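Trainee: Predicted model follows, preceded by the sequence.
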There are 2 protein chains.
Amino acid sequence: MRDDHAIEKQASDQLATARARIAEVYDPNKLAEVGKRVVDLLAAHQQQIQAGKGNVLNWQLPTELIDQARESLGTCSGKGELLEQVTSLVHKSLDHGTNLHHPRYVGHQVPASIPLAALFDLIGSVTNQVMAIYEMGPWATAVEHAVIQSVGGQLGFDPGSFSGLVTSGGSLANLTALLTARNIALGDVWNKGLAGRKPPPVIVTHAESHYSVSRAAGILGLGTEQIVRVGLDSERRMDPGHLDDVLNYLRNREVPVIAVSAAACATPTGAFDPLDEIAEICRQYGVWLHVDAAHGGATCFSERHRHLIAGIEKADSVVCDAHKMMFMPALCAMIFYRDRQHCYATFHQDATYLFDPSAPELADYDSGLVNLECTKRAAALGLWGIWSLFGSQLFADLVDVTFDLAAQFFEMLTAAEDFEVFCQPECNIVVFRYLPPQLQAASDDQCDAFQLELRRRVIESGEAYLVANQIEGRSYLRTTVINPLTRSQDLADLITILRKYAQPLLQT
Amino acid sequence: MRDDHAIEKQASDQLATARARIAEVYDPNKLAEVGKRVVDLLAAHQQQIQAGKGNVLNWQLPTELIDQARESLGTCSGKGELLEQVTSLVHKSLDHGTNLHHPRYVGHQVPASIPLAALFDLIGSVTNQVMAIYEMGPWATAVEHAVIQSVGGQLGFDPGSFSGLVTSGGSLANLTALLTARNIALGDVWNKGLAGRKPPPVIVTHAESHYSVSRAAGILGLGTEQIVRVGLDSERRMDPGHLDDVLNYLRNREVPVIAVSAAACATPTGAFDPLDEIAEICRQYGVWLHVDAAHGGATCFSERHRHLIAGIEKADSVVCDAHKMMFMPALCAMIFYRDRQHCYATFHQDATYLFDPSAPELADYDSGLVNLECTKRAAALGLWGIWSLFGSQLFADLVDVTFDLAAQFFEMLTAAEDFEVFCQPECNIVVFRYLPPQLQAASDDQCDAFQLELRRRVIESGEAYLVANQIEGRSYLRTTVINPLTRSQDLADLITILRKYAQPLLQT
C-alpha cells in the first residue's frame, strides 16, 4: 500500500516536471525573442546572397552533412543559452543550403521565392492552422477559395462554374487530376478496380511530359506502358495532327482514353502546346483534356505572354504551381476543374468522423473531400498575403522580367560561337550545349558526357547553379531564369564560368 | 523603323519599372522589419490563446469569410504603409483561425504544435530550400536523413538496414507505403497495370482503419471493394485469430494480398493493434505488414507507453506523423521501410533531367526517387531544430502529459452519471456520449442526432472544440487531448460546457 503510494507519487512528480519543461518550451516570450533573432539572421543572409556575395552552393557530400545534422540531435538540451543555440542551428542551415536567391542560381523550376511570402506561411505554422474540414481551418479555407477563384478567373474559367483546390506540389496535383479523369472515364473503377478490365485504358500525353504523368499511370494501376506519347512538331510542341491520328486509332480499337495530358510548358524545353487546337480535338473525341501548366500557368497574368496559354480555359483540368512562376515558397500547387462538380469524382467515399451530417452544407468547404491529403497545410496564405499587399501586377512583372532575361541569355549564347542553343525559348527555360572547337571531332557520347561533367564541376564550385537534361537521348545544359534579381551581367558571367571550368576538362 | 524604336523603348521602360517594383518587394530590410512585426503579433496572440483567453474558434460561415479573403485581393497595393497593411492581414488571419493552442481545444489529431518549430520552417520558406535531388537541398536532405535515422532507431528498426523518408501528410504516407507493397506483391504491375489480372488482389486492414487506407485501394486501381476488413476484439483492436482466418481463406483461394494494414492506433477509438502477434501471422503467410502509426508511433519515446507499439519493428512499413504526437506543425509525415531497398520499389522510373548519371552515387539522396512528391518542402527542419534544442525527452514528455490528461478526463466522465464512455482510453483519444436522463427513452437515431447537434452548438459557441465520430453506425463525441497546455480544470469545464449547451436542445 505504501509502495503504491510511493510509485504514484513518483509518477505524479515526473508528470509535473514534464509539464514544467513543456511550459518553458511553449513560452510565448521565447517565441518573440527567438523569432526576432531568426528573422534578423535570415534578413542578413538574404542581403548577402541577393547581392551575389558568397557561393550559390557550398558543396559537401551527403554523408558529411548527415553526420553534422545528426550531431546536434545527439548532444541535445541544456547546452547553453537558447538564443545562442538557435543562432548556431540557423547558421548551420543557411551555410549548407542551396542559395536560390543568388543571382547566378538559374537552375530548376524552383524560384528565388518572394521572401515576404514566408512570413504568411509563418502564421500558419505557428498557429498550426490546417485544413481537412472547414471548422479546423476556416480562414485557411477562405483564403484558398479566394485565391483559387481569382487565379481561375485569370486563367479564363467561367466564374461560378469552375472549382479548384490547393495541394502539396505539382506531381500530386497531376496525380489528383488524372485520378479524377480516370474515375470519370471508367465509371465504377473506384469501387471495382481495374483488374479484369479489357482492353486496358491509356493516358495520351505530350512526348516530353513531366515524369509525374507517367508515374501517375503507374500509381493509378494503369501501368506505365499504357502511356501513349504524341509526337512533337519542330518546336517540341504536341502536334495536333498527330494527336488526332492517335485518338482516331484508339477509338477504332475501342481503347478507353483516360485523358490527353498537354504541357504548358514542357519541362525539358519550355515549349507550350497549342492548347486551342488540342482542346478542339479532345472535344471532338469526347476525351478529358488535362493541362500541366505547373510552370506556364502564371503567364495568365502577363499581357505580353498570356498568348502562350490561349485556350487553357477549355481544358477539363489544369494544374498551376504558385511555387513556380508566381514565386511562392514551396509548396502551393493549384488544380482547377472547368466543371465544378468534377472535383467530387476524385474520391467516392465517406469518412463519417470527419464529415459532419449535422451541417451538410459545409461539406463543399471540407478540403479532405476533394484532396488526396487529409490534414493539409494552409498553403495559400503566402499567395494571399503577397497578392493583398502588391496586387496581381507583381505576378505579371515576375513573368515579364524573367522571360526577358532568358531572351537576353539566348541572344548571348547565339552570339557566342562556342555555344549551341537548342531552340529559341518561349519562356524562361533555355537549353544549350557548350561545344568549343576542341569537341568538333568528339563523338555524340563524348559530347554528352562533357556537358554533364562540366555542369557538375560548375555546381560543385559554387560559382553558379544550372541543370542538365536529355532530349532524344542527348545531354544538354539547361537554365531556368527564375530569380528576378538575376541581371544580364550574371548571365554573361555564367558563360565565362562555363568556359573556365571547361578548360581543364578539355585538356584531359 | 522609328515606330519599332518607340515600341522597343516602351517595352524596355516597362521592364525597368517592373524590375524596380520587384527589387522593392525583395528588399531584405523589409523582410527584417515586417518579420519582426509578424513575430510580435504571433507571440502576443499565442500569449492570449495559450492562457485560455478568447474563443477557441470565432465561428463564421464559409461564404462570409471567403468574401473577406477576396476583398483584400481586390483592393491591392499602394493603400498605405506596408507595416500597417501586414498587421491588418495578420489580424484577419488570426481572428478567423481555429486556435489549436487554446486549452479547450481537444479536437482532431492535429496538435497545439510547438511554436518554436515554426521558426525552423521559416528558414526553409524564406530561402526556399527544397528537396527532390540532393544538390537542390543538401541541408534539407541531411536533416531529413538524420531525423529518419533517429526516429527509426527509436522505433526499434535495425540501424543500417532500414530506410525512410518524409512526405506531406499521413494519407500520402499510407498511399506511398501501400503503393510500394502493391508493386512488390504484384511483380510487373508498375509497367503492366492491373487490367486483365485475376483474381483481383486485396488489402487486408483493421476494420476501423483510417479512410486513407481504403482510399489508397481506390487510387491504386485495386478498387475499394477489394478492402478486406479484419474483425476486432472487444477493445476494438484487430483480432489476430480473425486475421489468421482471413489470410488462410485468401490463400486457399489464391487471392493476392497486397498488405495487411494494422493500426497504432485506430482513428475512431485510439485502440492499438497487437503488433507482435500480427507480425508473426504476416510472417507465416509471407504478407507485407504495414502499420499506420501516424498517431501512436511517437509512443516509442515514452518509457511509460512504448509497450503499446511492441513489435512495430517487425513491420515492413510504418507511417508515423511528426505533426501529430511529436507536436510539429503540419506537415511532417515519416515512412519507414524495414528493408532499406524496398523504398526503390515505389517507382521504377528514370527522370534523366533530374537524376544525374555523372554522379550516380548521389542518387541515394535524391528524395524524388522514392517520394510521390517531386519538389518537396524541407519538412523535417522543425523536428530537427526542436530535437536539437530540447532533446528527445521533450517528445516523451508530450506523450506522457497528454495521455495522462486523457486518463483524467476518462475518470471524470466515468464519475459523471450523465456521460457514457465508450472504453478506457489507451492513449489520448477519449470517446463518449452525453446521455442525460431526458434521453433515456430516446431512440438510437435520436441519441445520435443529439450528439452531433450538441457538438455543433459547442464548437459554434467557441467555448470548446471537440469532434464526433461513428462507431458501428452510432454517433459519439470524441476528444483528442493533444494540447499539452490543457489542464485538468479545462476538461472539467468541457463537461460543464457540454451540459450547458445540451439544456436548450433537451427542451425542444
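Mentor: Ah, there it is.

Trainee: For the stretch 201-350 of chain A, just list every one of the strands.
Mentor: A:202-206, A:227-230, A:257-263, A:289-292, A:317-321, A:333-337 (DSSP state E, counting those that start in this stretch).

Trainee: So for the last one, what gets flagged as buried?
Mentor: With burial defined by 16 or more other CB atoms under 10 Å in any protein chain shown, the residues of strand A:333-337 counted as buried are A:333-337. C-beta here means a position set from N, CA and C on the backbone, and glycine is covered the same way.

Trainee: thinking again about what came up before, just send the strands of the stretch 201-350 of chain A back as JSON lines, with mean pLDDT too.
Mentor: Below are those laid out as JSON lines (pLDDT from 0 to 100):
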{"stretch": "strand A:202-206", "mean pLDDT": "97"}
{"stretch": "strand A:227-230", "mean pLDDT": "98"}
{"stretch": "strand A:257-263", "mean pLDDT": "98"}
{"stretch": "strand A:289-292", "mean pLDDT": "98"}
{"stretch": "strand A:317-321", "mean pLDDT": "98"}
{"stretch": "strand A:333-337", "mean pLDDT": "98"}
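
Trainee: The nearest residue in space to residue A:85 that is not next to it in sequence: neighbour count?
Mentor: Using CB to CB, 6 or more residues apart in numbering or on different chains and skipping the chain neighbours, the partner closest in space to residue A:85 is residue B:389 (5.8 Å). Neighbour count of residue B:389, defined by other CB atoms under 10 Å in any protein chain shown: 23.

Trainee: shouldn't residue B:389 be in contact with residue B:117?
Mentor: No - using CB atoms under 8 Å, residue B:389 is not in contact with residue B:117; the gap is 9.6 Å.

Trainee: check contacts around the residue in the stretch 51-200 of chain A positioned nearest to chain B.
Mentor: The stretch 51-200 of chain A approaches chain B most closely through residue A:193 (2.7 Å), counting by CB to the nearest CB. By CB atoms under 8 Å, 6 or more residues apart in numbering or on different chains, the residues touching residue A:193 are A:221, B:194, B:200, B:217, B:221-223, B:225-226.

Trainee: number of nearby residues for residue A:496?
Mentor: Around residue A:496 there are 11 residues (other CB under 10 Å).

Trainee: can you tell me the helix or strand for it?
Mentor: Using DSSP states H and E, residue A:496 sits in helix A:488-507.

Trainee: hmm, back to that, tell me the predicted confidence for the residue nearest to residue A:85.
Mentor: Residue-level confidence at residue B:389 comes out at 96, pLDDT.

Trainee: same deal with residue A:1?
Mentor: Listed pLDDT for residue A:1 reads 56.

Trainee: ok, now the one 10 residues further on?
Mentor: Residue A:11 is assigned a pLDDT of 90 by the prediction.

Trainee: secondary structure element for it?
Mentor: With DSSP H and E as the test, residue A:11 turns up in helix A:2-25.

Trainee: what about stretch A:39-48, near chain B?
Mentor: Yes - contact of stretch A:39-48 with chain B (CB under 8 Å from any CB of the partner chain) involves A:39-40, A:42-47.

Trainee: Quickly check these for the two that are furthest apart.
Mentor: The span of the residues of stretch A:39-48 next to chain B, defined through CB to CB, is set by A:39 and A:47 at 12.5 Å.

Trainee: between the two, who's got more neighbours?
Mentor: residue A:39 (25 against 16).

Trainee: Chain neighbours aside, what residue packs nearest to that one?
Mentor: Here the residue nearest residue A:39, using CB to CB, 6+ apart, is residue B:35, at 3.4 Å.

Trainee: Quick check: that neighbour is in a helix.
Mentor: Yes - assessed with DSSP: H, G, I helix; E, B strand; the rest coil, residue B:35 lies in a helix.

Trainee: Quick check: pLDDT value at it.
Mentor: Predicted confidence (pLDDT) for residue B:35: 98.

Trainee: pLDDT at the residue in chain A that chain B sits nearest to, what is it?
Mentor: Minimum separation of chain A from chain B (CB to the nearest CB) falls at residue A:221, amounting to 1.7 Å. pLDDT, residue A:221: 98.
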